[in-house]
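S.K.: A predicted structure for the sequence below; I have some questions about it.
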Amino acid sequence: MKQLLPIVCAAVLACGCLKDDALNRPFTTYAPVGIGDGHVLSDPASEGIDPDALWNIYQDAYNDAALWPMRSLLVFRNGRLVAEAYPKDPDDITTRHLIWSATKQFTGVLSGIALEEGILQDIDDPISMYFTTELDGHGDKAGITLRHLLNMRSGIAYENDGIGGDTDEILRQKPGNITDHILSLDMAAAPGDLFKYKDGDPQLLASVLQKTLGRPMDEWAREVLLARIGITNLNWVRYKDGTTLGGFGIETTPREMAKLALCVADSGRWNGQQVVPEAWIADMLTAHGTTSSGYGFGHQWWIDTQRGIPFMSGHGGQFAFIVPYKRLLVVMTAFPNTQDAHQISATEALTVVDRIIAACD
């Protein structure tokens, strides 16, 4: 957790002047570079994308005031990397940055693997099956199920935003025990009744997994998921009590983030091997509710139901958009610690995705 705190504090100080200092380098090429990380490289024309249209899209993205925080833009077609650019720093190709809430999508995928391996028994299990002592004194949480946690419907009055909010308290490492802190909060609604996007629900999922595994969730994740899809350049932060963070906390690169999205896009397969159950992927990417932003929400994954695009999303503008009907993946990352209007929104990023879709045959 120590890695997160100086970054967050620096962001508060830098937010006001960041835009003036963060000028893009001139756009010169989108040709991908081989770095031996397992990605198969190709070019737009070979994969059925108009190269001239794509060039214009990249050039416009570099000059779009709404996209000034953008640090990377990658395009994959047919599972191959056909274009990439790093407007701020060429070293971003291998430098890890926080992806914040896009961590939740890793947690969602891992939940499916845990169900297949019998670590979790059933999605409708109450958390009381796993928290045998943790619920002492918190009996009002006994009816919360794994499904409620996956769908952000626990009913717990957890607050993401603001100084003094629960995420702020956790970032400052004030609670001694992260699981007990969340379980000790009041209930704002009955389990299942109310959708509320919050970091507490995926954190409880991570805590359930870690309790059942008997070891850190991120350690297990490296064996059953990360290593199997070739993700090596990733750091997953644990809280001070040793619990892996489930709602945020991953630092990685755009190329590594893309590997998870490519696996999901291929129904849980990687290089022809089934890594995540195909049935879980289908259920995970089904909208089980609609958020205030108008996007659907599945099992820790966002879904643009109008476009038919599931996506990863993290604070600041960390995105991976899967376009299944075009065999397309678009990854965009940005400065991770900008606030409010200085973030790239999903709506703004999707305007770029729409143009890339139009450039595909």
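M.R.: That came through fine.
S.K.: alpha carbons only for contacts and neighbour counts from here, please
M.R.: Fine.
S.K.: Wasn't V82 part of a strand?
M.R.: Yes: under the criterion used here (DSSP: H, G, I helix; E, B strand; the rest coil), V82 sits inside a strand.
S.K.: So what's the residue count around it?
M.R.: 24 (other C-alpha atoms under 10 Å).
S.K.: Next up, the contacts around it.
M.R.: Neighbouring residues of V82 by C-alpha atoms under 8 Å, 6 or more residues apart in numbering: 31-32, 41-44, 47, 74-76.
S.K.: Let me know the pLDDT of it.
M.R.: Per-residue pLDDT puts V82 at 99.
S.K.: centroid residue for this structure?
M.R.: Nearest to the geometric centre of the chain sits A102, at 1.3 Å (C-alpha atoms, centre = their mean).
S.K.: and that one, what does it touch?
M.R.: With C-alpha under 8 Å, 6+ apart, A102 has these contacts: 247-248, 312-314, 318-319.
S.K.: And those residues, which two are furthest apart?
M.R.: G247 and F319 (15.3 Å; C-alpha to C-alpha).
S.K.: Look up how far I113 lies from M284.
M.R.: With the distance defined as C-alpha to C-alpha, to the nearest Å, M284 ends up 12 Å from I113.
S.K.: Those two: who's more crowded?
M.R.: When M284 and I113 are compared on other C-alpha under 10 Å, the one with more neighbours turns out to be M284, at 26 against 20.
S.K.: all strands for the stretch 51-200 of the chain, in order.
M.R.: For the stretch 51-200 of the chain, the strands defined by DSSP state E, counting those that start in this stretch occupy 70-77, 80-85, 97-98.
S.K.: Doesn't T28 lie inside a helix?
M.R.: No: per three-state DSSP, T28 lies outside any helix segment and is coil.
S.K.: And for A227, the neighbour number?
M.R.: A227 sits with 11 neighbouring residues when counted by other C-alpha under 10 Å.
S.K.: wait, what's in contact with it?
M.R.: Contacts of A227 by C-alpha under 8 Å, 6+ apart: none found.
S.K.: Spell out the secondary structure type for it.
M.R.: The three-state assignment at A227 reads helix, by three-state DSSP.
S.K.: I'd like to know how far it sits from E116.
M.R.: As it turns out, when the distance is counted by C-alpha to C-alpha, A227 lies 18 Å from E116.
S.K.: now F27
M.R.: For F27, the distance to E116 equals 45 Å [C-alpha to C-alpha].
S.K.: So what does the closest residue to I231 other than its chain neighbours look like in phi/psi?
M.R.: Residue nearest to I231 in three dimensions, not counting chain neighbours: E256, with 5.6 Å by C-alpha to C-alpha, 6 or more residues apart in numbering. As for E256, its main-chain torsions (degrees, to the nearest 10) stand at phi -70, psi -40.
S.K.: again with V264
M.R.: Given degrees, to the nearest 10, the pair of backbone angles that V264 has is phi -60, psi -40.
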